[in-house]
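**Student:** sequence first, then the predicted structure:
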Amino acid sequence: MRHMCPVALLTALLVMPALAPTPLRAEAATDKVAEVLPAITVAPALKHPLVDRIIASGLIEPVEEVHVAPLIEGQPIEALLVDVGELVEEGQVLALLSKSSLELSLAQVKASEASAAATVAQADAQLIEAESSAAEAARVAERTAKLRDQGSASQAAADSANAGAVSATARVTVARQSRQAALAQQALQEAQLANIELQLSRTEVKAPVAGVITARNATLGAIASAAGLPMFVMERDGALEFRADLAEADLPRVTAGAPAKLTAAGLAEPLQGEVRLVEPAIDATTRLGRARISVTEPGALRSGMFVEAEITLAAREGLAVPVTAVGSDKQGSTVMRVKDGVVERVTVTTGIRDGGLIEITQGLEDGDLVVVKAASFVRAGDRINPVPQASN
């Protein structure tokens with residue numbers, strides 16, 4: 001310092017007090033730091049159209065699948081009249097079975113029936129003869145008894161006449177029983193004849209219902225039998241339905257009549273459907289339930305197709321906030337509401353969850369600001385700088 005120029009020394013002494021911070025400037029800087037608050041993204045609770053939906057998948061299957069089997073056993077298949085994919089009417093002939101052995105049996109039974117009818121006629125004649133003889137024997141016994149009373153006939157003659165009447169009555173009983181046996185034999189032959197005729201009619205395998213042939217297992221020359229695969233498989237009336245697999249928790253929420261929208265590969269536009277019924281049982285292994293959805297216009301749907309469906313459970317306008325704004329604690333669902341820059345925890349009741357929004361049925365009013373991310377590092381009572389959420 002003692003080597004410095006007096007002028008330079010004086011200048012330095014004058015500048016140093018000016019550079020030192022004054023107490024007033026330090027207090028202003030402290031206030032400016034205190035006003036810096038954390039910027040937290042908030043969003044208002046607003047009314048939105050909300051849809052409660054369930055997404056399910058499954059297969060297209062016939063509403064009712066009909067198996068056509070032969071009604072008689074052991075007859076060869078002579079002709080197949082329909083093929084897979086054909087639409088048939090109820091009662092239409094699908095296949096023909098051989099009639100040869102049945103026609104031979106029919107001729108034999110008809111001959112037996114004619115013999116039984118002749119036996120019945122003979123029994124009728126014998127009965128008439130026996131009844132006539134019994135009537136004559138009764139008259140002889142009566143006359144002999146009167147003559148004995150008058151002394152014109154012996155007791156032996158009367159006894160002989162009575163014995164003849166009893167014997168004739170017994171022959172009537174035998175004739176009646178013989179006639180009943182002949183009638184029973186005739187009825188048996190008639191039943192056998194009707195059975196053969198029924199079997200002959202069943203050599204025509206007919207469609208029990210109208211519908212579409214989906215499978216044909218019958219082959220020409222094979223022996224028709226109901227023990228193996230069905231000759232034909234049909235979709236009754238060609239009606240299809242979607243059988244949706246549902247999670248166990250979702251099953252009670254689905255009710256008959258709920259609308260559904262079906263999408264599948266190859267479909268240009270979704271198809272409209274409706275829940276026809278909800279099956280009461282749940283698969284013990286997969287823990288999945290099943291809902292059957294009828295399709296108004298099946299269009300290009302085919303049995304066995306994989307389909308996804310959006311089942312609408314409810315649709316309404318409600319107050320909603322972002323899903324991330326809702327947290328949970330011991331009291332239930334909560335949100336962090338912001339009023340005048342101060343955070344407060346509010347218990348709410350939630351409803352429909354639709355995409356990134358969740359309905360608030362109780363606890364908030366229209367326009368209330370909530371912290372978008374409930375897990376942010378804010379607590380009740382904190383002062384924040386609310387920043388509106390950017391609109392998508």
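**Tutor:** Nice, thanks for sending it over.
**Student:** which residues of the stretch 1-150 of the chain score low on pLDDT?
**Tutor:** Scanning the stretch 1-150 of the chain for pLDDT under 70 picks out 1-35.
**Student:** at 90 what do you get?
**Tutor:** 1-40, 74, 131, 133-134, 136-150 (pLDDT under 90).
**Student:** can you show me the helices along it?
**Tutor:** 6-19, 23-34, 100-150 (DSSP state H, counting those that start in this stretch).
**Student:** same question for the stretch 201-350 of the chain.
**Tutor:** Going by DSSP H, counting those that start in this stretch, the stretch 201-350 of the chain shows no helices.
**Student:** show me what contacts residue 365?
**Tutor:** 45, 319 (CB atoms under 8 Å, 6 or more residues apart in numbering). Where C-beta positions appear, they are placed from N, C-alpha and C, glycine not excepted.
**Student:** helix, strand or coil: sort out it for me.
**Tutor:** coil (DSSP: H, G, I helix; E, B strand; the rest coil).
**Student:** so how far is residue 199 from it?
**Tutor:** Counting by CB to CB, to the nearest Å, the gap from residue 365 to residue 199 is 81 Å.
**Student:** and residue 232, by the same measure?
**Tutor:** Distance from residue 232 to residue 199, by CB to CB: 20 Å.
**Student:** ok, those two, which is more surrounded?
**Tutor:** residue 232 (25 against 19; other CB atoms under 10 Å).
**Student:** for the residue lying closest to that one once chain neighbours are set aside, grab the count of nearby residues.
**Tutor:** Nearest in space to residue 232, with sequence neighbours left out and distances taken as CB to CB, 6 or more residues apart in numbering, is residue 68 at 4.1 Å. By other CB under 10 Å, the residues close to residue 68 number 24.
**Student:** bridging residues for the residue nearest the centre of the chain?
**Tutor:** Centroid-nearest residue in the chain: residue 292, 4.7 Å away (criterion: CA atoms, centre = their mean). Counting by DSSP bridges, residue 292 forms beta bridges with residue 243, residue 277.
**Student:** list the contacts of it.
**Tutor:** Applying CB under 8 Å, 6+ apart, we find residue 292 in contact with 241, 242, 243, 244, 275, 276, 277, 278, 279.
**Student:** show me this protein divided up by domain.
**Tutor:** 39-50+317-388, 54-62+235-315, 68-93+208-234, 100-201 (automatic domain parsing).
**Student:** might one say that residue 221 is in contact with residue 79?
**Tutor:** No: using CB atoms under 8 Å, residue 221 is not in contact with residue 79; the gap is 10.6 Å.
**Student:** and residue 290, how far from residue 250?
**Tutor:** 11 Å.
**Student:** thinking again about what came up before, out of the contacts of residue 292, which is nearest to residue 385?
**Tutor:** residue 244 (48.4 Å; CB to CB).
**Student:** separation between that closest one and residue 305?
**Tutor:** Where residue 305 is concerned, residue 244 sits at a distance of 13 Å (CB to CB).
**Student:** more neighbours: which of these two?
**Tutor:** Ranked by neighbour count (other CB under 10 Å), residue 244 and residue 305 place residue 244 first, with 28 against 18.
**Student:** setting aside sequence neighbours, what's the nearest residue to residue 136?
**Tutor:** Here the residue nearest residue 136, using CB to CB, 6+ apart, is residue 168, at 7.4 Å.
**Student:** phi, psi for the one you found please.
**Tutor:** phi -70, psi -40 (degrees, to the nearest 10).
**Student:** surely it and residue 138 touch.
**Tutor:** Yes: using CB under 8 Å, residue 168 makes contact with residue 138 at a distance of 7.4 Å.
**Student:** who has more neighbours, these two?
**Tutor:** Using other CB under 10 Å as the criterion, residue 168 and residue 138 rank with residue 168 on top: 20 against 17.
**Student:** next, work out how far apart that one and residue 326 are.
**Tutor:** Note on residue 168: its distance to residue 326, by CB to CB, is 109 Å.
**Student:** in the sheet, who's paired with the residue lying closest to residue 93 once chain neighbours are set aside?
**Tutor:** Counting by CB to CB, 6+ apart, residue 93 lies nearest to residue 204, which is 4.9 Å off, once chain neighbours are set aside. Taking DSSP bridges as the rule, residue 204 bridges to residue 96.
**Student:** what residues does residue 83 make contact with?
**Tutor:** 213, 216 are the contacts of residue 83 under CB under 8 Å, 6+ apart.
**Student:** nope, residue 209 is what I meant
**Tutor:** Per CB under 8 Å, 6+ apart, neighbours of residue 209: 66, 90, 234, 236, 237.
**Student:** on that earlier part again, can you tell me how far the residue nearest to the centre of the chain is from residue 242?
**Tutor:** 7 Å.
**Student:** what do you get for residue 300?
**Tutor:** For residue 300, the distance to residue 242 equals 14 Å [CB to CB].
**Student:** higher neighbour count, these two?
**Tutor:** residue 242 (28 against 11).
**Student:** so who does residue 286 touch?
**Tutor:** Residue 286 neighbours (CB under 8 Å, 6+ apart): residue 245.
**Student:** show the model's pLDDT score for it.
**Tutor:** In this model, residue 286 is scored at 91, pLDDT.
**Student:** over to it: give its phi and psi.
**Tutor:** Dihedral angles for residue 286 - degrees, to the nearest 10 - are phi -90, psi -20.
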